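> Take a look and give me a structure for this.
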Amino acid sequence: MALAGTAALATAAVPAVPARAAAPAQRVLSVVAAENFWGSLAAQLGGRLVQVTSIVTDPNADPHEYESSPGDARLFAQADLVIVNGAGYDTWADKLLAASPRAGRRVLNVATFLHRPAGANPHLWYDPADVSRVIDRITSLYRALEPGERGFFAARNRTVESALSGYRSRLATLTKRYAGTAVGATESIFVDLAGALHLKLITPKAFMDAVSEGVDPPISSLVTFERQISARRIKVLVYNVQTVTPLTATIRAKARARHIPVVAISETMVPANSTFQRWMVGQLNRLGAALAKARS
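Numbers count the residues shown, from 1 in each chain. Next up, the predicted model:
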């Protein structure tokens, strides 16, 4: 008994070692992007502090015809940040947001942020200047959601800007070489990029807008476009592979018959798991090759 008591006293005399406090779990923001081109940039800008889910990703489907699912509704309801394109491009997303209000959730409607009115060309991701503005806006929203990580998000912003240097360099090179070249397009997806490259897009606006909206173009615009092709006034035809119709297929065939180079571009990233900059540089490279061929 004496030994037991002595042992107990000895044990009691040993000072307890305080347990090391567990580091608090780092919050990861839940981000939902209606389209994967914005989702790619959002993921790169957020790094390890965000989990981004993109809804529209299929390069073989027309994004204008996307129909949301109950799974999409759950994602929107749980998100800390939702990024939608706006300008009528993804009205299904507006409906999901209205049906699932959440306190503290931030929403970036890109068209609204860029002051693009209803009915404006919705293909905002093809305008390099607008892309730069959206990048900074996403960073600003991340900082607002996690003020303690402002430095981290500032560093991610610089990293993304560096990653986009090849994209911007390619834009500058094509502009310098081919500014003023007359080109055509089957729809309005190419309008902003053509403007950024200072290419002369001569396809009737009424034709491009109608195809983009899924309606028949005015006959006069079709006749003008076909005459431009027949006379080889356009040097390159840009073709949207995600809004293929019998009419646009016919236009493409007529251009090829007149030995006019045709360049395919897409609305969503190809492949779907690419990055915004890799996808864009690939398309710019194909456009550059077509412009060089037309000049030779």
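> Report the separation between the two terminal residues of stretch 266-278.
For stretch 266-278, the first-to-last residue distance is 13 Å (Cα to Cα, to the nearest Å).
> Can you pull out the low-pLDDT segments for the stretch 1-150 of the chain?
Where the stretch 1-150 of the chain drops to pLDDT under 70, the residues are 1-25.
> how long is stretch 258-266 end to end?
With Cα to Cα applied, stretch 258-266 spans 23 Å between its terminal residues.
> Which positions within that stretch qualify as buried?
260-266 (16 or more other Cβ atoms under 10 Å). (C-beta placed from N, C-alpha, C; glycine too.)
> cool, stretch 218-230 as well?
221-222, 224-225, 228-229.
> rewinding a little: what is the nearest of the buried residues of stretch 258-266 to residue 59?
Nearest to residue 59 among those is residue 266, at 5.5 Å by Cβ to Cβ.
> How about the contacts made by the closest one?
Residue 266 makes contacts with 59, 240-242, 283, as judged by Cβ atoms under 8 Å, 6 or more residues apart in numbering.
> what's the closest non-adjacent residue to the residue nearest in space to the middle of the chain?
Centre of the chain computed as the mean C-alpha position; nearest residue by Cα atoms, centre = their mean is residue 37, 2.2 Å away. With sequence-adjacent residues excluded and distances taken as Cβ to Cβ, 6 or more residues apart in numbering, residue 37 is closest to residue 125, at 4.7 Å.
> Check the gap between that neighbour and residue 136 for me.
15 Å (Cβ to Cβ, to the nearest Å).
> Please identify which of the two sits among more neighbours.
residue 125 (25 against 12; other Cβ atoms under 10 Å).
> where do the strands sit along the stretch 51-200 of the chain?
Using DSSP state E, counting those that start in this stretch, the strands found in the stretch 51-200 of the chain span residues 81-84, 106-109, 182-185, 200-201.
> would CSV of those strands with mean neighbour count be doable?
Output for the strands of the stretch 51-200 of the chain, formatted as CSV (neighbours: other Cβ atoms under 10 Å):
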stretch, mean neighbour count
strand 81-84, 25
strand 106-109, 19
strand 182-185, 24
strand 200-201, 18
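> Adding distance to residue 292, write these out as JSON lines.
Shown next, in JSON lines, are these (distance: least, Cβ to Cβ, whole Å):
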{"stretch": "strand 81-84", "distance to residue 292": "36"}
{"stretch": "strand 106-109", "distance to residue 292": "38"}
{"stretch": "strand 182-185", "distance to residue 292": "13"}
{"stretch": "strand 200-201", "distance to residue 292": "17"}
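> Show only the entries of the contacts of residue 266 found in strands.
Secondary-structure check on the contacts of residue 266 using DSSP state E: residues within strands are residue 240.
> re the thing from before, looking at the strands of the stretch 51-200 of the chain, which is nearest to residue 293?
Among the strands of the stretch 51-200 of the chain, strand 182-185 sits nearest to residue 293 (Cβ to Cβ), with 12.7 Å.
> Identify all contacting residues around that closest one.
For strand 182-185, using Cβ under 8 Å, 6+ apart, the contacting residues are 190-191, 194, 199-203, 208, 225, 228-229, 233-240, 255, 260.
> my guess is residue 94 contacts residue 85, does it?
No. In this structure residue 94 lies outside contact range of residue 85 using Cβ atoms under 8 Å: 10.4 Å.
> Flag every buried residue along the strand or helix carrying residue 253.
Element membership for residue 253 (DSSP states H and E) is helix 246-257. Residues of helix 246-257 classed as buried: 247-248, 251-252, 255 (neighbour count, 16+ other Cβ under 10 Å).
> Could you list the paired strands of the helix or strand just after it along with their orientation?
Counting by DSSP H and E, the next helix or strand C-terminal to helix 246-257 is strand 262-265. Strand 262-265 pairs in its sheet with strand 236-240 (parallel), by DSSP bridges.
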